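> just a sequence and a predicted model for now, questions to come.
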Amino acid sequence: MDWQPDEQGLQQVLQLLKDSQSPNTATQRIVQDKLKQLNQFPDFNNYLIFVLTRLKSEDEPTRSLSGLILKNNVKAHYQSFPPPVADFIKQECLNNIGDASSLIRATIGILITTIASKGELQMWPELLPQLCNLLNSEDYNTCEGAFGALQKICEDSSELLDSDALNRPLNIMIPKFLQFFKHCSPKIRSHAIACVNQFIMDRAQALMDNIDTFIEHLFALAVDDDPEVRKNVCRALVMLLEVRIDRLIPHMHSIIQYMLQRTQDHDENVALEACEFWLTLAEQPICKEVLASHLVQLIPILVNGMKYSEIDIILLKGDVEEDEAVPDSEQDIKPRFHKSRTVTLPHEAERPDGSEDAEDDDDDDALSDWNLRKCSAAALDVLANVFREELLPHLLPLLKGLLFHPEWVVKESGILVLGAIAEGCMQGMVPYLPELIPHLIQCLSDKKALVRSIACWTLSRYAHWVVSQPPDMHLKPLMTELLKRILDGNKRVQEAACSAFATLEEEACTELVPYLSYILDTLVFAFGKYQHKNLLILYDAIGTLADSVGHHLNQPEYIQKLMPPLIQKWNELKDEDKDLFPLLECLSSVATALQSGFLPYCEPVYQRCVTLVQKTLAQAMMYNQHPEQYEAPDKDFMIVALDLLSGLAEGLGGHVEQLVARSNIMTLLFQCMQDSMPEVRQSSFALLGDLTKACFIHVKPCIAEFMPILGTNLNPEFISVCNNATWAIGEICMQMGAEMQPYVQMVLNNLVEIINRPNTPKTLLENTGRLTSPSAIPAITIGRLGYVCPQEVAPMLQQFIRPWCTSLRNIRDNEEKDSAFRGICMMIGVNPGGVVQDFIFFCDAVASWVSPKDDLRDMFYKILHGFKDQVGEENWQQFSEQFPPLLKERLAAFYGV
C-alpha cells in the first residue's frame, strides 16, 4: 500500500511553503524554526515529495519549492532517512520525471542528481537503466525530463560513470546519447550533446571508442537552427581541439571556416563559445600552420567583436559621464586577497614587457563576467603572441580607420585592439608608436568616459616603450595627463588611471623622482575625492610609488604631504575592517621606502600590527577548541600585519629594536610559525629574517626553539614557505657565526635535496616582474652555512656544487651573493676534491661576478690558480678548451688563467 499523507499534516506543510515565499524577515525566521521542528519527523520528507509530484492542484512555484527544501534535506542528512522514506522518494522521482511542467521536471531532475551524488549511484542500480529507458518514451515530457536528469548526473558524476565501480555504464549511455543527436526536438538534441560533452576532457574510453561517430554527428548539426544546439556543438569542438586534435586535423580547414561564421553568430552566446576556439587553438603547436591563411578573415571578425554591444553600454552606464559623488554599492567591491610576503633576490634577466594578460586588467568590471568583447580581445592577445609581426599587415589597415573614427564606440574598440596586441606585436609596433602614443594621450581627454578609461589601459601596455624614450618626449606628457585622469569626475576613469599609473611607476622607477612633488599632490588630493572602491586602488598606486622610488621618498616635504592622510585613514578604520589590508600593504611599502623618515609614525603602527596578530591567534585558538561556538578568524588580518611588521623592520633597521623589546612579538611569532595555514607561516618566516637582520639580540634567545620549526618547513611542496624559511636560516647563520654548528644537521640535508630538484618552479618577483631562480635562495643559505661552519658542510660539497653554481650565476653582485661565495671558497679549502668533477661550473659562477671585493677576488684567484697548478699546464689547456669564448675571455682578463 502506497504512503498517504494525513490531511491536517498536509495543510500544515502547504501553509509553511506559502509562508516561506513571504518577503518579511520575521516570517522567514519563523519558517526556519518550523522547518527545524518538522525535520525531527522522518516522514516530513514524504510530505515534501508528495507536494512536488502528486499535488497537481497546487501552483508550480509552491510545488517546486517543496522539492528544493527536500533537496536541501537530502544534502544535509540523507544518510539518516529511514529506508521506506528514501525508497518512496526515489520511486516518486522516477515515476514523475515526465511531469507536464518543465519547472517541476527540472526540480525532480535536481533532486535525483542530489540523491545520486550522495554516493547513491552505487546504491540505486536501477536509476541509470530506467532513465535511459525513459528516453525511448513517445511522450516528449518524459523523454525531456529523463534527459534533463541525465545531463545533471553527467555533469556531477562524470568520473564515476567512467569507472569500474558502476560496471562502466557509459558503454551503453554514449552510443544511446549519440542516437538522439538526430532527434526532432532541439531541446533533446541539445541535451544529448551536452551529456556527451561532459566526457570529452577526461577522455572517457567509451567516448574515445565512438569518437569518429561523435565528430560526424557534430558536423551534421553544424548549421542547426537552434542556438542552444549550435552553442553545444561549438563547445564540443573547442574541447576536442584540446584533447583529440588528431581527429580534427583532417577537417581543420572546414572547422576553421565554420568557426569563423559562428564567431559572428547573431546569438551572442553561440558567438562567445565559438570565439573560445581561437583562444584554444592559439595554445596548440599547429596554430601557426593551420591558421596563417585564415588570418585575413579572422582578424576583422575579432576586431569587430571587440566593440561594446548596446546592452554593454546600458549596463556600464556608458552615457553617465560624472558619477564620482555616487557612493559605491558594496557588491561593486571585489573581495581582495592579500599576497603574502615573498623573499626574492635581484636578478639580471631582461624584464618581460608588462606581461599581464590582456583580459585581466581590461576595463569592464561591471561586466566582469566573460563576454564576447573580452574573449575577442583575449584571442587577439594570444594570437599576437603566436604570430608576432605577421599579424600587423591584417591589422594596421583596420586600425587607422578605427582609431580616428567619429563614432566613439568604434574608436574605443580600436584603442582596445591596440592594447591587446601590445605584448605580442611590440617589435613591429615600435615604428608607429611615436605617432600613436601622442594620439592615445589625446584620447585621455576624450569627452566619453569609456574612451578615456580604455586609453588609460592601452597606454599602460606601452609603458615600457614610453619609459625607454627621452623623458620629455612621452613620459612627461603621459604622466601629466594620467594624473589629471586620476582626478577625473568618472569613477571608472579614476580606477583605470590609477591602475595605469601604478604600471607606469613600476616601469619608470626612479625616472619619476623629479616629479614626486606633483605626483604626491595629485594622489593626496584623490584621497579626499574617491569613493570606497577606488580608494583601495589608490593605496596600491601609492605603495607602488614607494617601491619604485625607494629612499628618494624620504624628504621632509614629501613625508608631510603623504603621511597625514594615510594616518588619518589608519585611525578611521576599525581592527575588523577588511580595508585595512590594502592600507597595511601600502604602509609596508611606504615604511620600507621612508626608512628613518617613518620613525615619527612607527609606534602606533607597530602596536596595532601586534594587536591584530594577537587577536587573530586568540580567535583561532577559541575556534579550534569550540568550533560550534566561535567563528573561524580571517587569518588575512594576521598575514597583512606580519608583512607590515616586516616592512617596518626592513625600513627602520636597528630603530625597531626598542619596539620589539616592549612587545611580545617573539612569542606570537613562535605560534605563527606553526600555524596550519601556509601563508601565515610564509609571512612569519619573512618577518623572522627581517628581525634577525634588524635586532638579532631579541631573536637569539629563541633560536633553539625556532630552528627545528624552520627545518620542518623546508618542504618544496609549499614553495614560498620553503623559500622564506630558507632565507631566514641564511640570515640567522650570518648573525650566529660558529654558534650555528649544533643546527647545521637539522637543515643541511633538506637544503641539498631542494637545490637538486629538477627545474624548481620559477617565482616571480612581486615588484619588478623579473624572474628569479628560487634555487638561488637555498644556494645562498648553503653558502652561508658553509661560511660559518665549513667543517660541517664541506663533506657534502660534491652533492650540491653543480646546481649551486648554476643557480647563483644569474644573481647580481650583492651582500647575499658575497657571503655565499665566501662560504663556497672556504668549503673548497676544506674539501678541494668535492669540486674537481664540476670545476667548469665553478669557473662559470666566478665569472658571473662583475666587481667582487678585493679579498673575495683573491680567494677566487687562489682557487683557480691552485687548480691550474695541480693539473699542470697541458691538462689545463685541454680543460679550458671546453669553455665558451666569453667565459675564457673573462677568466683570462680578471684572473690571468
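That came through, no problem. Since the structure is predicted, the reported quantities are computational estimates derived from the model, not experimental observations.

> wait, doesn't C143 sit right on L131?
No: under the criterion of C-beta atoms under 8 Å, C143 is not in contact with L131, lying 10.4 Å apart. Where C-beta positions appear, they are placed from N, C-alpha and C, glycine not excepted.

> overlap in contacts, those two.
Common neighbours of C143 and L131, using C-beta atoms under 8 Å, 6 or more residues apart in numbering, do not exist here.

> contacts only, for I437.
Applying C-beta under 8 Å, 6+ apart, the residues near I437 are L459, Y462, W465, V466, H474, L478.

> columns secondary structure and neighbour count on top of these, output as a markdown table?
Formatted as a markdown table, these follow (DSSP: H, G, I helix; E, B strand; the rest coil; neighbours: other C-beta atoms under 10 Å):
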| residue | secondary structure | neighbour count |
| --- | --- | --- |
| L459 | helix | 31 |
| Y462 | coil | 25 |
| W465 | helix | 18 |
| V466 | helix | 23 |
| H474 | coil | 23 |
| L478 | helix | 25 |
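
> closest one of those to D577?
Of all the contacts of I437, D577 sits closest to L459, with 33.4 Å by C-beta to C-beta.

> dump the contacts of I437 into a markdown table; add pLDDT and distance to I559 as well.
Below are these laid out as a markdown table (pLDDT from 0 to 100; distance: C-beta to C-beta, whole Å):
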| residue | pLDDT | distance to I559 |
| --- | --- | --- |
| L459 | 98 | 30 |
| Y462 | 97 | 33 |
| W465 | 97 | 33 |
| V466 | 97 | 29 |
| H474 | 96 | 30 |
| L478 | 97 | 27 |
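
> could you dump stretch 663-672 to PDB, C-alpha only?
Extracted C-alpha coordinates of stretch 663-672, given in PDB (Å, rounded to 0.1, in the frame of the first residue of the first chain):
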ATOM      1  CA  SER A 663      56.200  43.800  22.900                       C
ATOM      2  CA  ASN A 664      55.600  40.100  23.000                       C
ATOM      3  CA  ILE A 665      56.200  39.700  19.200                       C
ATOM      4  CA  MET A 666      58.700  36.800  19.600                       C
ATOM      5  CA  THR A 667      56.100  34.700  21.500                       C
ATOM      6  CA  LEU A 668      53.500  35.500  18.900                       C
ATOM      7  CA  LEU A 669      55.900  34.700  16.100                       C
ATOM      8  CA  PHE A 670      56.600  31.300  17.600                       C
ATOM      9  CA  GLN A 671      52.900  30.500  17.300                       C
ATOM     10  CA  CYS A 672      52.500  32.000  13.800                       C
END
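
> and T768, what's its pLDDT?
You'll see T768 listed with a pLDDT of 27.

> the one 5 residues further on now?
Reported pLDDT at S773 in the predicted model: 54.

> equivalent analysis for M673, please.
So M673 comes in at 98 (pLDDT).

> and it, what does it touch?
So M673 contacts R681, S684, F685, L688, F706, I709, L710, N713 (C-beta under 8 Å, 6+ apart).

> one more pass at 10 Å, please.
When contacts are counted by C-beta atoms under 10 Å, 6 or more residues apart in numbering, M673 is found next to 680-681, 683-685, 687-688, 705-706, 709-710, 712-713, 721, 725, 728.

> now L652
The neighbours of L652, taking C-beta under 10 Å, 6+ apart as the test, are 591-592, 594-599, 602, 606, 658-659, 694-695.

> so how do I select the buried members of those in PyMOL?
A single PyMOL command suffices to select whichever of the contacts of L652 are buried according to 16 or more other C-beta atoms under 10 Å:
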select buried, resi 591+592+594+595+597+598+602+606+659+694+695
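
> now the contacts of L652 in JSON lines, with pLDDT?
Shown next, in JSON lines, are the contacts of L652 (pLDDT from 0 to 100):
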{"residue": "A591", "pLDDT": "95"}
{"residue": "T592", "pLDDT": "94"}
{"residue": "L594", "pLDDT": "95"}
{"residue": "Q595", "pLDDT": "93"}
{"residue": "S596", "pLDDT": "92"}
{"residue": "G597", "pLDDT": "95"}
{"residue": "F598", "pLDDT": "96"}
{"residue": "L599", "pLDDT": "95"}
{"residue": "C602", "pLDDT": "94"}
{"residue": "Y606", "pLDDT": "96"}
{"residue": "Q658", "pLDDT": "95"}
{"residue": "L659", "pLDDT": "96"}
{"residue": "A694", "pLDDT": "96"}
{"residue": "C695", "pLDDT": "96"}
